[in-house]
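Participant: Sequence and predicted structure below; questions after.
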Amino acid sequence: MSTVAQEAARRRTFAIISHPDAGKTTLTEKLLLFGGAIQMAGSVKGRKAARHATSDWMALEKERGISVTSSVMQFPYEGRVVNLLDTPGHADFGEDTYRVLTAVDSALMVIDVAKGVEERTIKLMDVCRLRDTPIMTFINKLDREGRDPIDLLDEIESVLKIQCAPVTWPIGMGQRLKGVVHLISGEVHLYESGKNFTRQDSTIFPSIDDPGVVAAIGADMLVTLREELELVAGASHPFDRDAYLRGEQAPVFFGSAVNNFGVQPLLDFFVDHAPSPLPRATTGREIDPDENKLTGFVFKIQANMDPQHRDRVAFMRICSGRFSAGMKAFHVRTGKEQKLANALTFMASDREIAEDAWPGDVIGLHNHGTISIGDTFSEGEAINFTGIPNFAPELFRRARLRDPLKLKQLQKGLAQLSEEGATQFFRPLMSNDLILGAVGMLQFDVVAYRLKDEYGVDASFEQVQIATARWIRCDDARKLEEFREKNAGNLALDAAGQLVYLAPTRVNLQLAQERAPGVTFLATREHA
Ligand code: G4P
């Protein structure tokens, strides 16, 4: 096997998805803890510090208690290399989450044992289904009273339309929580509050027949457990790896992330069974991860990630080949060779300079405005990875500056923040307005906050009569010129200088389209 094939086979690249508050952040930290990426005692204080070090770098995020940005965390585990891509939890960041999910090979879904399947879980599951992403499920907060486990599996099956294969099964819940049984190995993992921080720190019996089990959980509970296990064996599906890989079956685990409980069996199972990088579609041909030449695509751009480094980072998922520091790559959209100097890797919380990276890994490229979301890099081949869209925004606001002398900074801030893809920035041809488009209302608050924090600009956003935006394409130069003249009042340039029609109403858009045959109105910006 080639080095590329070996390294690709070791990679596990995934994202955690959940309804807010189900425990995504907590589970992320625990996975890092078990992966040896964070040394901490697991106290609340330690947890908060770790959270700060990983995904919680924005003050706004802390204030609001939501995860506004995504980050990438890499750690080695049992001979594998795990890449965990964080997804923003708030509903307004759906588009960003969507793109992160295009860059992973599998997902882990966290469900609150008391709440079951929630609204956001359903939406995220729909997104995963678009690419048949394999999913594992962690049912969290077992230290609290929750729903009956069998009911929960029923709900997941019927609402999310995916078969469940329980891999661990809870012994009690809430005050009565005693542990979990591993349905494949037969092991019993005891729940001991304040323990379970490491494998050595946990009590594990080889089977429920071990005398230690009855001593730990009591004869009555053991009888109930045996009955329940029989019921589960009869009513549920055994784990079928192929069905899991096809996205048709979800292995299910039970635990309590905040108590480190049930996380180790999940992680062990995950690295054994979750897929390594798979072939990916491009506009040309399918790219196999084992190919020797580097290919990758940009799924996310983030400005000012670190207040100490005032830079913008483009996150590139490597799809094939080997990245090595300082190599040159072909930026397909611009047709230019570009030296990939000082690319970053994301070893847990630290940003480090990448020497090598392999399929499944994510590297951070320094971006001075030339790289866009969806861009492909290769070693010369003119291909484009497909399926990473840039949606038309649904909401529009005009930026209002409190200090007119800060206009330059405002323009720069809006342009740079819009590169991240969550907002889009438009400059009408006929006015000096600066228009921001977004998919969710919260984005305007985030941008106002970040303009102040990162660019020193005090701006607010006010209502503007725009219902939707369409990118304009026309191969006939004369026709395009005519269209520009007639519609100048509704036209604007986006941050990349592309022509966009800003329609005050849907009816207006329809009329404009009817009056301009030969001109194409696109709802998504094309990347190629
Ligand atoms: P999210 O990223 O999915 O939004 O969830 P997060 O991990 O922030 O967890 C949401 C809340 O649930 C947190 O409490 C967290 O401590 C709690 N939690 C996570 N796992 C468990 C668990 O296994 N059992 C119990 N009982 N609670 C759990 P919080 O009070 O909102 O935050 P904090 O003050 O603890 O940070």
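Facilitator: That came through fine.
Participant: pLDDT on the host helix or strand of V181, on average?
Facilitator: Using DSSP states H and E, V181 sits within strand 179-182. Strand 179-182 carries an average pLDDT of 96.
Participant: Neighbouring strands of it in the sheet, and parallel or not?
Facilitator: strand 168-171 (antiparallel), strand 188-190 (antiparallel) (DSSP bridges).
Participant: Provide the contact partners of it at residue level.
Facilitator: 167-172, 187-191, 208, 216-217, 225, 229, 253-255, 261-262, 265 (C-beta atoms under 8 Å, 6 or more residues apart in numbering). To be clear about C-beta, it is placed using only N, CA and C from the backbone, and glycine gets the same treatment.
Participant: Do any residues in it lie close to the ligand?
Facilitator: No. Using C-beta under 6 Å from any ligand atom, we find that strand 179-182 stays clear of the ligand, coming within 12.8 Å at best.
Participant: Quick one: distance of that strand to the chain centre.
Facilitator: How far strand 179-182 lies from its chain's middle: 29 Å, per C-alpha atoms, centre = their mean, to the nearest Å.
Participant: For it, list the C-alpha coordinates in PDB.
Facilitator: What follows is strand 179-182, C-alpha atoms only, in PDB (Å, rounded to 0.1, in the frame of the first residue of the first chain):
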ATOM      1  CA  GLY A 179     -23.600   1.700  34.000                       C
ATOM      2  CA  VAL A 180     -23.900   0.400  30.400                       C
ATOM      3  CA  VAL A 181     -23.600  -3.000  28.800                       C
ATOM      4  CA  HIS A 182     -21.700  -3.300  25.600                       C
END
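Participant: Let the chain start at 10 from now.
Facilitator: OK, 10 is where the count begins now, so the last one is strand 188-191.
Participant: Can you mark which positions in it are buried?
Facilitator: 188-191 (16 or more other C-beta atoms under 10 Å).
Participant: Kindly indicate which of those residues lies nearest the ligand.
Facilitator: V189 (12.8 Å; C-beta to the nearest ligand atom).
Participant: Look up the closest residue to that closest one, ignoring the ones flanking it.
Facilitator: T177 (4.2 Å; C-beta to C-beta, 6 or more residues apart in numbering).
Participant: which parts of the stretch 260-409 of the chain sit against the ligand?
Facilitator: Residues of the stretch 260-409 of the chain lying near the ligand (C-beta under 6 Å from any ligand atom): 265-268.
Participant: related to what we said a few turns ago, how about the strands paired with strand 188-191, which one is nearest R515?
Facilitator: In terms of C-beta to C-beta, the element of these nearest to R515 is strand 177-180, at 50.6 Å.
Participant: does the ligand sit close to that closest one?
Facilitator: No. Using C-beta under 6 Å from any ligand atom, strand 177-180 never reaches the ligand; the gap is at least 12.1 Å.
Participant: tell me the contacts of the nearest residue to V528 once chain neighbours are set aside?
Facilitator: Counting by C-beta to C-beta, 6+ apart, V528 lies nearest to C483, which is 4.6 Å off, once chain neighbours are set aside. Residues near C483 by C-beta under 8 Å, 6+ apart: 489, 492, 527-529.
Participant: Identify, from the residues of the stretch 260-409 of the chain next to the ligand, the entry nearest to R255.
Facilitator: Looking across those and measuring by C-beta to C-beta, the closest to R255 is A266, at 27.6 Å.
Participant: just checking, that closest one touches K39?
Facilitator: Yes. Between A266 and K39 there is a contact under C-beta atoms under 8 Å: 5.2 Å.
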